[in-house]
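S.K.: build me a structure from this.
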Amino acid sequence: MFFNLMIRNSKRNRKENGLFFSSLIVSIVAFYIILSLSHQDVMVFLAQMESDAVNKLMGMIPVFYGFALFILFFLIYYASKFQLERRKHEFGVYLMLGMRRRRLFAMLLAEDFRNSVISLIIGLPSALLLSELISLITARLVGIGIISHKLSFSLSAVLWTSIGFLFIKFTAFLILSGKINRQEIGSLLVEKPDGTKKEMPAFIYAASILIGISCLAIAYVGAIQGEAWSGIWQMARTIALGIFGTFSLFWGIRFLIGVVVKSGKQDRPLHVFNFRQIQENVIHRSGTLAICSMLILAALCCFGAGVAISRFYGESEQHALDYTFEDHENENDSAAIRQILEDHQLVSRFSHLFDMKTGYIRTTEDTEHAFQMEPLLAALYDMPPSQDRHVLLYNLKHTTYPHIISLSCYNQLLRAANMPELILGPEEAAIYMDHEFAAYERKKLLDRILQTRPEAQLDGKTIHLTGTVQTTSLVTDRFITLSFALILPDEMFEYYTQGEYNVYLNGILAKDEKEDTSLLSAISEMNQKLNKAGLTYESYLQNMGRQLFYMVAASYITMYLAVIFLIISNTIIGVQFLMSQQKSTRRYRTLIRLGATYTTLCNSARKQIHWYFGLPTVIAAFSSLFGVRSLLTGILSSRAKSSLTEMMIISVAIILALCVIEYIYITAVKRSSDRYLLKLMVPEREE
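M.R.: Predicted coordinates:
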């Protein structure tokens, strides 16, 4: 009898609290994926290329895990509290019928444990499948190859997921069940209404809204301008203003609800009733809604900024070269490197092997005036003011002794990358800027000026700058990174360098080397052979490994936190609304007796749901536009900030996509509300 009752109650709880139960399963999936990150194919690969950075990232995983457990505990605590309060009358009946409090405690513990085990049984296999899918997709996208994929099952991740989940569930249950057990039977059987709160004059609530908006505006302006990131006290002040502004805004928003009630059409079915319900819920739970709005804001910012950053690092590098070799003993000749490759029968493994010559102006020792481009700077001054123009002016004014690059070598690079070659006349030069320094808008400004072929002085001789700004990487990784350089015809290059220049040997693997296996596998195999040959080189893997690390760190961690924040905020909002609806049972039954139909009641409840979810979601979505911008301002490098506009566009798209997820949550709450209202349509027995 005891076990049958426990099983029936467990099934009923899962059915009536499907939103909460589903949120627990998603949490389990998120826990496993983050804990098993070290077993993912991409992380195993990264550990070979960026071991220090990966080890630091793995060292942070327990911190994220503990933080997620901490905040998830409050979700479980409050959601379970609402559920137990809904069943208080049921517990009182059990005690009235003679059930001992110990037995009641044991029954509740068994119900909670059974639901927890079922959540783990569903969540862990789902997490394993999703983890494998993510690993396969990632391996495919980055070129590791599906054939080399290995099962990423992590027993430690399963154990820690189960232990952490059961621990916070059991802790929350002990606290709540203790409160229930201490209550008298009479207090369990009689439902206490929410206490009335003292109403303030309307102008106080209106002033609270203005104060909240002002605090938020100050916080966002400080964060966007970078003031908040200048020190810990400035950051603390910004966060405090943001939190206070959000609470103040939600506390005063009841004023706007009152205005809507008065200005709305009074002939709409249950119009006043709907907004009185909303107003009452906001009054009683404005603090909770403010917290949920901030959690949604955090989720939107994490998702928006994380996806934008990972996409930036995934697309910011052009892959034209596979290898770059350097001979420290003979810096202006690559013959020794070619000979070593020939001796080890590796030359045939490359489809392209060509020199890249770079040097300095050796015809003068006046480094302060070796190169001047006053006409270009003057044209830049005449352009409309902008941040990109300001950065260009600041950088170019100090460019008086640039690197110079051989035109024939650079054209070999362009041919290898299947790009059109650069054509220069005898007294012409092209500008080269590494893509780290040539943001899209800055490149457009310079290209517009270069169309006029402005004059420049190179060691006292007049040349013309022409073409477009060249950004194709000279080498594979970081042998050389140039913020500004001149590409000169070979005769001019030889003259100005006086035969003193550095030579890097670039190589591209043959197609058959890359077609038989994945690109990364081919480069890894070639690395082993080059190491045996004793050559100094950089490969695409080093650059790829660095970009992959940024992508993984940005996407996995931020999305993990965003999922946790979304689960908590939406579950709390949904459960609270359903609980407030159940506390309004008498009002709904009164409406039914007055002739309200099921359709009318459902429409009324759905309008309340739209407002109840919409208030925190809309405010969070609007604030996230500033929040993402602030986050990008603080954490991006100067190079990444050059693509801030593109990142913001991606972030806005992600925020809109997350709003669709919010709509799914709203739909789930609507269905639960409809089922509850359908039960109320059955007439009560009067005895």
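S.K.: low-confidence bits of the stretch 1-150 of the chain, can you list those?
M.R.: Filtered on pLDDT under 70, the stretch 1-150 of the chain yields the residue ranges 1-3, 13-19, 40-60, 134-150.
S.K.: for it, what spans make up the helices?
M.R.: Under the criterion DSSP state H, counting those that start in this stretch, the stretch 1-150 of the chain contains helices at 2-16, 18-35, 41-49, 51-86, 88-96, 101-142.
S.K.: those into CSV, with extra columns for distance to Gln277?
M.R.: Glycine gets a C-beta too; all of them are placed from N, C-alpha and C. Formatted as CSV, the helices of the stretch 1-150 of the chain follow (distance: least, Cβ to Cβ, whole Å):
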stretch, distance to Gln277
helix 2-16, 21
helix 18-35, 20
helix 41-49, 49
helix 51-86, 17
helix 88-96, 22
helix 101-142, 30
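S.K.: looking at those, which is nearest to Phe613?
M.R.: helix 18-35 (12.1 Å; Cβ to Cβ).
S.K.: so which bits of the closest one are buried?
M.R.: Buried residues in helix 18-35, defined by neighbour count with 16 or more other Cβ atoms under 10 Å: 19-35.
S.K.: what does stretch 287-302 give?
M.R.: 288-302.
S.K.: kindly report the same for stretch 333-340.
M.R.: Neighbour counts using 16+ other Cβ under 10 Å place Ser334, Ile337, Arg338, Ile340 of stretch 333-340 among the buried residues.
S.K.: likewise for stretch 93-109?
M.R.: Residues of stretch 93-109 classed as buried by neighbour count (16+ other Cβ under 10 Å): Tyr94, Leu95, Leu104, Phe105, Met107, Leu108.
S.K.: wait, the second one touches Arg102, no?
M.R.: Looking back up the chat, that one is Leu95. No. Contact criterion Cβ atoms under 8 Å: Leu95 and Arg102 do not qualify, at 11.4 Å.
S.K.: single out the most deeply packed of the helices of the stretch 1-150 of the chain.
M.R.: Burial of the helices of the stretch 1-150 of the chain is given as mean neighbour count (mean count of other Cβ atoms under 10 Å); helix 18-35 ranks first at a mean of 22.
S.K.: name the helices or strands packed onto that helix?
M.R.: Here helix 18-35 touches helix 51-86, helix 101-142, helix 155-182, helix 558-583, helix 644-680, going by 3 or more Cβ pairs under 8 Å, 6 or more residues apart in numbering; DSSP states H and E.
S.K.: so which of those helices gets nearest Gln234?
M.R.: helix 644-680 (20.9 Å).
S.K.: can you tell me what sits against stretch 374-383?
M.R.: Stretch 374-383 has contacts (Cβ atoms under 8 Å, 6 or more residues apart in numbering) with 389, 392-393, 396-397, 445-446, 449, 452, 454-456, 465.
S.K.: next: stretch 244-258.
M.R.: 202, 204-209, 211-216, 219, 275, 278-279, 282-283, 286-287, 289-290, 293-294, 611, 615-616, 619.
S.K.: list the buried residues in it.
M.R.: Across stretch 244-258, burial judged by 16+ other Cβ under 10 Å covers 245-255, 257-258.
S.K.: cool, and stretch 153-162?
M.R.: Residues Ser154, Ala157, Val158, Trp160, Thr161, Ser162 are the ones in stretch 153-162 that count as buried (16+ other Cβ under 10 Å).
S.K.: who touches the fifth one in this structure?
M.R.: Listed by Cβ under 8 Å, 6+ apart, the contact set of Thr161 reads Ile28, Phe31, Tyr32, Leu35, Leu120, Leu124, Ala127.
S.K.: hang on, the third one packs against Leu129?
M.R.: The one in question is Tyr32. No. In this structure Tyr32 lies outside contact range of Leu129 using Cβ under 8 Å: 10.6 Å.
S.K.: what about Ile480, is that helix, strand or coil?
M.R.: What DSSP: H, G, I helix; E, B strand; the rest coil gives for Ile480 is coil.
S.K.: surely it touches Tyr504?
M.R.: Yes. Using Cβ under 8 Å, Ile480 makes contact with Tyr504 at a distance of 7.1 Å.
S.K.: of these two, who's got more company?
M.R.: Tyr504 (25 against 18; other Cβ atoms under 10 Å).
S.K.: just how off-centre is whichever strand or helix holds the more buried one within its chain?
M.R.: According to DSSP states H and E, Tyr504 maps onto strand 501-509. Distance, stretch centre to chain centre, for strand 501-509: 37 Å (Cα atoms, centre = their mean, to the nearest Å).
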